[in-house]
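> quick one, structure for this:
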Amino acid sequence: MTSQTFTPQAFSGAERRLTLAALMIVFLLSALDQTIVSTAMPRIISELNGLNLYSWVTTAYLLTSTVMVPIWGKLGDIFGRKPVLITGISIFLAGSWLSGLAGEFGTILGMPGMVQLIVFRALQGIGGGALFTTAFAIIADLYPPRERGKFAGVFGSVFGLASVLGPIIGGYFTDHGTVQVGTHTVAGWRWVFYVNLPLSLLSLFMVIVKMPPLEHRRAGKIDFLGAALLIAAFVPLLLALSLGGHNFAWRSPQSLSLFALAVASLAAFVVAETKVSNPILPMHLFQNKVFTTANLAGFLISMAFMGVVMFLPLFLQLGRGVPATVSGMTMLPLMAGLIIGSTVAGQLVSKTGQYKPYMLGGAVILLVAVFLLHDLSKIHSLPLLCGLLAFVGLGLGPGQSLFNIATQNAVAPRDIGVATSSNQFFRQIGSTVGAALAGTMLTARLANLPGGGLDLGKLEGMAVKAAASGQAAHADPVLQGALINAVSGVMVAALFVILAGLVTILFIPALPLRSHQPASGAPTLDKAEPTNS
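As a prediction, this is how the structure comes out:
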């Protein structure tokens, strides 16, 4: 591979501040979209008659946003961050607007309203995949690794804030947002998507007018073959993980075919990436021990997190008979802990120049918190549950930014975009795997209930109907006991995954964070990779 030099761009203080403000709006936009829709889903399903397609609204966004993350990261390295961010915001804006219109005019091109929503959510995901990864890559362009900690902590706090505000805003619009425009009624849930429009336009204005050019680029052609094989590998994998055990059995021909296609495409992708001159995911990065171990740790912690939190609202609604609104509010302490953990860890990293102690501290806190939470039969009060969830959030906070900072610090500046997107990519895959395995475990533990057992789809259907009617779900004694046992089993499994993540963190090399950007022509870190490997 030919060596390329990198000339760091000089930025004024005003340019940095305005760019950060624009990025925070972009980050808020992306984070809100992941939390605001869930509250409105019961009403959307009841109006568009799409309970059988419930999971696809989330799956469509997850599929497109996840597979596009490494592609957007590489495009940012080739063409620069600014045009990639502008393109991503524009696609996200169009997807949001069209999602709000889904079903408004009846069946279009043979697609009923729910199918329209799924297609438009997939389009939204294509743009959404550019937002997180490009924002973090731009921070890496603006600031040296040691200074990134405090800003990454702030951005982690924005994510936590969006997690708190999203369900509240979504619930308010869903319940009170219905308006009459002439003779036409605009349903309140549509504003859950329309609220993205002013934020998208503001962020577009800030990026186009206020953000500096960020002109550095990495020469090379787009790796179309790698992009196609990446999509061919991970779309079937994510489909199999998201829908297997729910829409069809794990050992069904559909599941096995999807897994086989994913494995074959992934093998072809790895081979292809070693042959092309400008790969989407350079294989040499996996020789960098920081890159490999930090991404693996991020994958495991994200996987465990989904196992811990995914079914707590379901347990509260169906196992305890708690109203849907109250069950949603129960997750707020977790987000408060995440905000505090992320912010404090970021400040300490910037002050000390060390990231590994805070990674380890967060993982240990998370392990202890989940251990205290794992037996739900002993947790009878909501205040106790809220306290333990705040503890969980405190342990998760450092991982929101530090895995990414460690990765960026360890790779050559020319690979910042692909390294940042890889970190986000592995974390999203971890979340998907965690959700799938947790759902499989839950279904297996509920299979022996009277009446042929319950699967995840039936459980979600019960919760959706209760939420749509605004009533608390009835806490059936048999179902209550089964859910306590099932969700507790998922928690125990998450404990082992967190332990594996903690062990992985122990192997992450503790490289000192650079306090300045590399000078023009300076040796890049990947030239010294053998010392890190």
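
> pLDDT weak spots in the stretch 401-533 of the chain?
For the stretch 401-533 of the chain, the stretches flagged by pLDDT under 70 are 447-476, 478-479, 514-533.

> which stretches in it count as helices?
For the stretch 401-533 of the chain, the helices defined by DSSP state H, counting those that start in this stretch cover 402-410, 416-446, 456-469, 477-506.

> likewise the stretch 251-400 of the chain?
253-273, 289-309, 312-314, 324-329, 332-352, 356-373, 382-396.

> re the thing from before, just put the helices of the stretch 401-533 of the chain in CSV and tack on distance to Val235 and mean neighbour count.
The way it works is simple: take the backbone N, C-alpha and C, and place the C-beta from them, glycine included. Formatted as CSV, the helices of the stretch 401-533 of the chain follow (distance: least, Cβ to Cβ, whole Å; neighbours: other Cβ atoms under 10 Å):
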stretch, distance to Val235, mean neighbour count
helix 402-410, 25, 27
helix 416-446, 12, 24
helix 456-469, 22, 18
helix 477-506, 25, 19
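
> now the helices of the stretch 251-400 of the chain as JSON lines including distance to Thr87 and mean neighbour count?
Shown next, in JSON lines, are the helices of the stretch 251-400 of the chain (distance: least, Cβ to Cβ, whole Å; neighbours: other Cβ under 10 Å):
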{"stretch": "helix 253-273", "distance to Thr87": "24", "mean neighbour count": "16"}
{"stretch": "helix 289-309", "distance to Thr87": "26", "mean neighbour count": "25"}
{"stretch": "helix 312-314", "distance to Thr87": "35", "mean neighbour count": "20"}
{"stretch": "helix 324-329", "distance to Thr87": "34", "mean neighbour count": "19"}
{"stretch": "helix 332-352", "distance to Thr87": "28", "mean neighbour count": "22"}
{"stretch": "helix 356-373", "distance to Thr87": "33", "mean neighbour count": "20"}
{"stretch": "helix 382-396", "distance to Thr87": "31", "mean neighbour count": "20"}
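
> which of those helices sits closest to Gly106?
Among those, helix 324-329 comes nearest to Gly106, with 29.2 Å by Cβ to Cβ.

> coming back round to it: may I see the helices of the stretch 401-533 of the chain arranged in CSV, with distance to Trp250 as well?
Formatted as CSV, those follow (distance: least, Cβ to Cβ, whole Å):
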stretch, distance to Trp250
helix 402-410, 30
helix 416-446, 7
helix 456-469, 12
helix 477-506, 16
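
> so which of these is nearest Pro313?
Per Cβ to Cβ, nearest to Pro313 of the helices of the stretch 401-533 of the chain: helix 456-469, 7.6 Å.

> and the next helix or strand past the lengthiest helix in the chain?
The single longest helix within the chain, with elements called by DSSP state H, is helix 13-48. Downstream of helix 13-48, the next assigned helix or strand under DSSP states H and E is helix 54-79.

> quick check: what element follows that following helix along the chain?
helix 81-101.

> state the distance from Ala294 to Gly399.
Look at Ala294 and Gly399: by Cβ to Cβ, to the nearest Å, they are 10 Å apart.

> oh, I was asking about Ala336
Taking Cβ to Cβ, one finds Ala336 at 16 Å from Gly399.

> nearest spatial neighbour of Leu239, chain-adjacent residues omitted?
Computed as Cβ to Cβ, 6 or more residues apart in numbering, the closest residue to Leu239 that is not its neighbour in sequence is Leu258, at 5.6 Å.

> how close does that neighbour get to Arg251?
The spacing between Leu258 and Arg251, counted by Cβ to Cβ, is 12 Å.

> ditto for Met310
Distance from Met310 to Arg251, counting by Cβ to Cβ: 23 Å.

> ditto for Val492
Val492 is 24 Å from Arg251, by Cβ to Cβ.

> more crowded one of Met310 and Arg251?
More neighbours surround Met310 than the other of Met310 and Arg251, with 19 against 9 (other Cβ atoms under 10 Å).

> the more buried one contacts Ala436, correct?
No - taking contacts as Cβ atoms under 8 Å, Met310 lies outside contact range of Ala436: 10.1 Å.

> rewinding a little: how about the helices of the stretch 401-533 of the chain, which one is nearest His284?
The minimum distance between His284 and these falls on helix 416-446, with 11.1 Å, by Cβ to Cβ.

> packing partners of the closest one?
Counting contacts by 3 or more Cβ pairs under 8 Å, 6 or more residues apart in numbering; DSSP states H and E, helix 416-446 is packed against helix 54-79, helix 113-142, helix 224-243, helix 289-309, helix 402-410, helix 456-469, helix 477-506.

> now do the buried residues in the third one.
Buried residues in helix 224-243, counting neighbours by 16 or more other Cβ atoms under 10 Å, are found at 225-227, 229-243.

> same for it, what does it pack against?
Checking 3+ Cβ pairs under 8 Å, 6+ apart, helix 224-243 ends up next to helix 54-79, helix 253-273, helix 416-446.

> show me what contacts Trp191?
Gly100, Phe173, Gly177 (Cβ atoms under 8 Å, 6 or more residues apart in numbering).

> top of those residues by neighbour count?
Counting by other Cβ under 10 Å, top hit in those: Phe173 with 23 neighbours.

> is it true that that one lies in a strand?
No - counting by DSSP: H, G, I helix; E, B strand; the rest coil, Phe173 is not part of a strand but helix.

> skipping adjacent residues, who's closest to it in space?
Trp191 (4.1 Å).

> wait, isn't Leu161 in contact with Ile339?
Yes - proximity of Leu161 to Ile339 meets the contact threshold set by Cβ under 8 Å, at 6.7 Å.
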